[in-house]
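A.B. asks: Have a look; sequence and predicted model below, questions after that.
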Amino acid sequence: MRWIKGKSFVIALKYWTRSDMLQKAYLNPMERNMVFFELFAHNPTIVRVPVGNTLFDEGDEGGLMYVLTSGSADVVVNNRVVESLHNGSIVGEMGLVSPGPRSASVLATSDCEFVAIDEKRFQFLVQNTPFFAMQVMRVMAERLRAADRLLPAIEDI
């Protein structure tokens with residue numbers, strides 16, 4: 001493990017060999033989530049959101065991604081819950097990948113703590129931790145599939 005210091009954070013990264021990465025790719029979702037969560041275990045940028053409050057609202061400008069470290073929250077689009085977040089879930093990644101207004105709100109269903117990830121840190125993690133980049137892409141792909149299931153078939157329109 002190597003410690004890397006930045007201006008506003010200290011992070012511990014594990015260096016994985018190619019065989020380590022292949023093994024981690026075949027972990028079950030819970031195990032993958034725990035390995036992914038390890039990347040954020042030492043980040044002091046914590047955002048606390050009390051139950052009933054929002055982390056951000058649909059339409060807000062997005063500039064940060066968040067990792068839920070404790071509590072639970074719902075992702076809400078047009079007053080409809082589209083996903084429930086739990087320990088290790090990421091949210092707000094679209095705002096870093098493609099800047100623009102938030103496409104959803106995040107409502108705390110219990111007292112929550114999130115780790116905030118800015119663009120500089122996001123770029124660092126993508127470049128230095130391929131596993132992180134793959135997890136973000138998996139989350140985005142899963143959310144796209146879920147959104148597709150919510151849309152009526154073209155024949156039904």
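C.D. replies: Done, it's in.
A.B. asks: got the buried residues for the lengthiest helix in the chain?
C.D. replies: Longest helix of the chain, by residue count under DSSP state H: helix 130-150. Residues of helix 130-150 classed as buried by neighbour count (16 or more other C-beta atoms under 10 Å): 131-132, 134-136, 139, 143. For the C-beta atoms, the positions are set from N, CA and C on the backbone; glycine is no exception.
A.B. asks: ranges for the helices of this protein?
C.D. replies: Under DSSP H, the chain gives helices at 18-25, 29-38, 94-97, 119-128, 130-150.
A.B. asks: Least confident of these, on average?
C.D. replies: Among the helices of the chain, helix 18-25 has the lowest mean pLDDT, at a mean of 41.
A.B. asks: quick one on the thing from earlier: between the buried residues of helix 130-150, which sits nearest residue 84?
C.D. replies: residue 143 (12.6 Å; C-beta to C-beta).
A.B. asks: So the closest one sits against residue 83, correct?
C.D. replies: Yes - counting by C-beta atoms under 8 Å, residue 83 is a contact partner of residue 143 at 7.1 Å.
A.B. asks: Looks like residue 74 contacts residue 81 (just checking).
C.D. replies: Yes - counting by C-beta under 8 Å, residue 81 is a contact partner of residue 74 at 4.6 Å.
A.B. asks: Give me the more crowded residue out of these two.
C.D. replies: Comparing residue 74 with residue 81 by other C-beta atoms under 10 Å, the one with more neighbours is residue 74, at 17 against 12.
A.B. asks: The more buried one and residue 118, how far apart?
C.D. replies: Applying C-beta to C-beta, to the nearest Å, the value for residue 74 to residue 118 is 24 Å.
A.B. asks: tell me which residues in stretch 99-117 are buried?
C.D. replies: Buried residues in stretch 99-117 (16+ other C-beta under 10 Å): 102, 104-108, 112-117.
A.B. asks: One more: stretch 49-61?
C.D. replies: Applying 16+ other C-beta under 10 Å to stretch 49-61 flags 49, 55-56, 58 as buried.
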